[in-house]
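**Q** Could you work out the structure for the sequence below:
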Amino acid sequence: MSPSNGRLAQLFLRYASPLVGLRRLPVVGRCLSWASRRLVPRDSLAWVQVQRGPAQGLWLHLNPRTGRTYFEGGGEPEVQNALQQYLRPGMIFYDIGANIGFFSLLAARIVRQDGWVVAFEADPEIAARLREHVTRNDFRIISVEEKAVWSEPGTVFFARTDPATSPDRGLGHVVATGAGDTIQINAVSLDKYVQTAPAPDFVKCDVEGAEVEVFRGAQSLLTHKRPGILCEMHSDANRRLLLETFARFDYACKSLDEHHVLALPQ
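**A** Below you'll find the model as predicted:
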């Protein structure tokens, strides 16, 4: 994207939302839609700084049509609040399902130079953007692992989301067989990973329904290191199995909102 188009993308992020009402007007709406398609293509990315909140000032390479929440600093406030409350300088943080790295960057800001962040992102395209964010923000304490976290090491099939549906491919997930826009990727279990890497003090996990498999591969970690866990739940069955798992390892759980559970060792 050229510098001039980049500035247009930033203006789009700032002012598109207030113009939504005008899009409902027959003539004006058609003109606005035509202009936005010409000036800011759907695959555009623009470097912007987060405007407010605990991530204020961090640089992100955002799609101007879908990145407004990140741009304004409002993405999943319950998760942001939990990281602020439970992370401390010097801690080791694992971000499982890091996507473009918003929470990895925020965590790096909190744990500071004596801490460490490991960001696991399975989608190669999104992992590349995550590495861009790490470099642009000069966070040398973030390690990007382009792998799926699973119940055991090996390879798995990963279904990538159509970018027309999710420009940041945030809904990609592990599947049983390959088909369509599916790729085969390396997978690692947490128990195997921490044999050669520092174990986490706190874990954030959001892997689009595969959370049960993640913690099936972390039984030694939950028994011995016992990190705090912030986990997204993607179905009632998912929630039930995860709560049973955490209870079995003597974790106390509380719901932060409809989708997120905080699990802390007792």
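**Q** Following the chain onward from the worst-scoring helix or strand of the chain on mean pLDDT, which element is next?
**A** Lowest on mean pLDDT, DSSP states H and E among the helices and strands of the chain sits helix 26-39, with a mean of 54. Reading on from helix 26-39 to the C-terminus, the next helix or strand found by DSSP states H and E is strand 46-49.
**Q** For that following strand, enumerate the helices and strands it packs against.
**A** Contacts defined by 3 or more C-beta pairs under 8 Å, 6 or more residues apart in numbering; DSSP states H and E place strand 46-49 against helix 3-15, strand 59-62. From N, CA and C alone the C-beta is placed, and that goes for glycine too.
**Q** and the shortest one, which strands flank it?
**A** Taking DSSP bridges as the criterion, strand 59-62 forms sheet pairs with strand 46-49 (antiparallel).
**Q** CA atoms only for the partner strand, dumped as CSV, please.
**A** Extracted as CSV, the C-alpha positions of strand 46-49 are listed here (Å, rounded to 0.1, in the frame of the first residue of the first chain):
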residue,chain,number,x,y,z
ALA,A,46,-2.3,0.0,7.3
TRP,A,47,0.2,0.6,10.2
VAL,A,48,-1.6,2.4,13.0
GLN,A,49,-1.1,2.8,16.8
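**Q** where does the stretch 151-266 of the chain dip in pLDDT?
**A** Low-confidence regions of the stretch 151-266 of the chain, defined by pLDDT under 70, span residues 161-173, 176-178.
**Q** which stretches of it form strands?
**A** 154-159, 173-175, 182-188, 202-205, 228-232, 251-255, 260-265 (DSSP state E, counting those that start in this stretch).
**Q** Listing partners with orientation, what would you give for the fourth one?
**A** Strand 202-205 sits in its sheet next to strand 92-96 (parallel), strand 228-232 (parallel), going by DSSP bridges.
**Q** Show me the contact partners of the first one.
**A** What it means is strand 92-96. The contact list for strand 92-96, computed with C-beta atoms under 8 Å, 6 or more residues apart in numbering, reads 83, 87, 101, 103-104, 107-108, 111, 115-120, 149, 190, 198-207, 214, 227.
**Q** same thing with the last one?
**A** By C-beta under 8 Å, 6+ apart, the list of residues contacting strand 228-232 from outside reads 79, 82-83, 86, 201-206, 211, 242, 246, 251, 256, 259-265.
**Q** Distance from the chain centre to that strand, please.
**A** 13 Å (C-alpha atoms, centre = their mean, to the nearest Å).
**Q** relative to strand 260-265, how tilted is it?
**A** 160 degrees (axes from the mean of the first three to the mean of the last three C-alpha atoms, to 10 degrees).
**Q** would you turn the strands of the stretch 151-266 of the chain into a markdown table with distance to Arg140 and mean neighbour count?
**A** Shown next, in a markdown table, are the strands of the stretch 151-266 of the chain (distance: least, C-beta to C-beta, whole Å; neighbours: other C-beta atoms under 10 Å):
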| stretch | distance to Arg140 | mean neighbour count |
| --- | --- | --- |
| strand 154-159 | 28 | 17 |
| strand 173-175 | 30 | 17 |
| strand 182-188 | 22 | 16 |
| strand 202-205 | 20 | 24 |
| strand 228-232 | 24 | 24 |
| strand 251-255 | 32 | 13 |
| strand 260-265 | 29 | 18 |
